[in-house]
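*Asks:* Structure of the sequence below:
(chains A and B)
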Number of protein chains: 2
Amino acid sequence: MITLGQKHEAVARLLAVELAEVESRFAAELVSDLACVNDLARHLEQYRGKMLRPMLVMLSGLATSPSGELVDEHRTLSTVVEMVHMATLVHDDVLDDQDVRRRATTINRLRGNEAAVMLGDYLISHSYHLSASIGSQTASRLIADATNTVCEGELLQLHNRNNWSLDEQTYFDIIRRKTAALCGVACRLGALYSGADKPTCDAMTQYGELLGNAFQIVDDVLDLTGDAAVVGKSLGKDLEKGKLTLPLIHRLETAHPEQRQELIDLLRTPGPEQSERIGRILAESDSLPYARRRAEHLIDQAKRAISILPDSPAHDTLITIADAVITREF
Amino acid sequence: MITLGQKHEAVARLLAVELAEVESRFAAELVSDLACVNDLARHLEQYRGKMLRPMLVMLSGLATSPSGELVDEHRTLSTVVEMVHMATLVHDDVLDDQDVRRRATTINRLRGNEAAVMLGDYLISHSYHLSASIGSQTASRLIADATNTVCEGELLQLHNRNNWSLDEQTYFDIIRRKTAALCGVACRLGALYSGADKPTCDAMTQYGELLGNAFQIVDDVLDLTGDAAVVGKSLGKDLEKGKLTLPLIHRLETAHPEQRQELIDLLRTPGPEQSERIGRILAESDSLPYARRRAEHLIDQAKRAISILPDSPAHDTLITIADAVITREF
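*Replies:* Predicted coordinates for the structure are as follows:
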């Protein structure tokens, strides 16, 4: 997904350097005088993924900076946002009983749920610690506001497990909170620390939130239809955990009463056979293309949101990343 | 434990007002637009306990303030520290499989581990959010530093589950991190926001850490010997979870080889019968009085640490609280 291609060569080269710096700050922040803590933290390297959120901070910074240059706060805040995201992955895997993440065994499976809960807490704590190292409270307050919202999204999702009447509006409320909020704040921080004015900061936030929503819809589609070997994590977990996502919500809402009942019966008794049958039902319907269309529409809006920015390689790259969110297979 | 008696009537009256304010700020910070989040957060009221940490902020503030008055930051930071503590309780109960806390069913038992993990995260996030509402990053940085240390303590403790050779030094390292660090920072913040100089801030930190260590030793003794009805939570959890605490470490270190082996065999196969037998072995030894003596010694040191403070009712109350830590039965 982050293969940016020839067109973006200069930006890609800059990003590679900056993301390496994020990795190094990330590791430095987590160093402990306790060997057992460092051992556990080492597992996090396997969780390192697309680094979408640090990229959003950097690119938003670049696209809105009059000088076209980043400041040190961009690097620190990119690291903070990545650390927050990593903490949510670690705790999510506990909640989802996930075995595999990015092709490697999860921390909960490897070291137990207790260690995973505490490692997640360690990450959250260090993310705020790092955020408190920069000059003002502005970023800390924005990030904490976003993490409040992320937790609300997770709690709303938990509350709606096994709710076969979950409606689209609630689904969109869940993903806006649990995924879009952090992408939105990543973009806002990028613009803010480039000295952008409020309308520009708002536009960047909107871009990030719209992209985050689209990203989550695609993630949810992949959980239903993806190839585990390509995606790199165990799939079908949403069905197993009674989490309805957009394709199924759409299918349930548009199906005939008896088809709806059949689907609910399958959802009520999760298992590999049931998942396969649900997959076949979805493949025969318009619900998967429907979900993709919704994601595409959000991406169109995201691109429009940043049309107020001047032309720049970073701006172009933000457009390319937005497009990549819906074409990705992992 | 917080019954301060006639001698401290004026301070007690002031504290009652200030702690009510902390409760109200605590509730206000957690309000969500989602009913399911508010419902879950309501369970936290039952977790409300002695409010030791907010008391430490307030009393440290009062004892070091030239005017003898508190500022608004004392109230905000008292709330932050209580929220951090509450988050650790919620996650601790998940780690310990705790059924009862302060005479009520725990959130993990009532609503599941997943909801408890997320509610803990929600509390942590809001604690930093609230902390980021005050003027400077100083407090946020100190608090995040303390929470980093708390997580390390929990991870070190987890790492040493079922380690029957755990030594005193490691035990003291665990409790210094998981309990003393937050009490220390509570006292430091109190002094800092009263404008105290560095030696005074250091002395208050020392008092808080020593008191925290003693508090944890007593807590661990009560888990082995206390009356569940008085303490208000399920006891014997340390044995069940393979956590060695000071009395057992002392007993194992001083026992004859065959007695040591008998104890280890009992520890390896936890159950009600084994716990009872361990309780009898401890009661016949000097190990429980030994642990209490260590706690008493720490309390003596804590009181000496603040001997540099001028005489004041708040100072007297800090002495009384230190004494109460070792005489408490809950």
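*Asks:* My reading is that A:G195 lies in a helix. Confirm?
*Replies:* No. A:G195 is assigned coil when assessed by DSSP: H, G, I helix; E, B strand; the rest coil, not a helix.
*Asks:* Relative to A:I308, how far out is it?
*Replies:* 16 Å (Cβ to Cβ, to the nearest Å). Heads up, the C-betas are built off the backbone N, CA and C, glycines and all.
*Asks:* of those two, who's got more company?
*Replies:* With neighbours defined as other Cβ atoms under 10 Å in any protein chain shown, A:G195 and A:I308 compare such that A:G195 has more, 14 against 11.
*Asks:* Need phi/psi at that one.
*Replies:* When read as degrees, to the nearest 10, the backbone of A:G195 gives phi 80, psi 20.
*Asks:* list the contacts for it?
*Replies:* A:S65, A:P66 (Cβ atoms under 8 Å, 6 or more residues apart in numbering or on different chains).
*Asks:* Got the confidence number for it?
*Replies:* Looking at A:G195, its pLDDT stands at 97.
*Asks:* So A:T320 sits against A:H8, correct?
*Replies:* Yes. With contact defined as Cβ atoms under 8 Å, A:T320 counts as touching A:H8 (6.3 Å).
*Asks:* Please identify the helix or strand for A:A322.
*Replies:* According to DSSP states H and E, A:A322 maps onto helix A:313-327.
*Asks:* Give the buried residues for that helix.
*Replies:* A:P313, A:A314, A:H315, A:D316, A:T317, A:L318, A:T320, A:I321, A:A322, A:A324, A:V325, A:I326 (16 or more other Cβ atoms under 10 Å in any protein chain shown).
*Asks:* Among those, which one lies nearest to chain B?
*Replies:* The closest of the buried residues of helix A:313-327 to chain B turns out to be A:V325 (Cβ to the nearest Cβ; 25.9 Å).
*Asks:* what's the helix holding A:A322 in contact with?
*Replies:* Residues contacting helix A:313-327 (Cβ under 8 Å, 6+ apart): A:1-2, A:4-5, A:7-8, A:10-12, A:52, A:55-56, A:59-60, A:62-63, A:68, A:207, A:211, A:214-215, A:218, A:292, A:295-296, A:299, A:302-303, A:306, A:309.
*Asks:* Let's see which of those residues end up in helices.
*Replies:* Residues of these located in helices (DSSP state H): A:10-12, A:52, A:55-56, A:59-60, A:62-63, A:207, A:211, A:214-215, A:218, A:292, A:295-296, A:299, A:302-303.
*Asks:* Sort out which of those are buried, if you could.
*Replies:* A:11-12, A:52, A:55-56, A:59-60, A:62-63, A:207, A:211, A:214-215, A:218, A:292, A:295-296, A:299, A:302-303.
*Asks:* just checking: which of those also lie near chain B?
*Replies:* With Cβ under 8 Å from any Cβ of the partner chain as the criterion, these include none near chain B.
*Asks:* and the residue lying farthest from the centre of chain A, which of the three is it?
*Replies:* What lies farthest from the middle of chain A is A:E258; by Cα atoms, centre = their mean that is 35.7 Å. Following three-state DSSP, the label given to A:E258 is helix.
*Asks:* Hmm, A:A214 is touching A:K303, no?
*Replies:* No. Look at A:A214 against A:K303 with Cβ under 8 Å: they stay out of range, at 10.7 Å.
*Asks:* residues from the stretch 151-300 of chain A in reach of chain B?
*Replies:* A:C151, A:E152, A:E154, A:L155, A:L156, A:L158, A:H159.
*Asks:* I appreciate the help and will end here.
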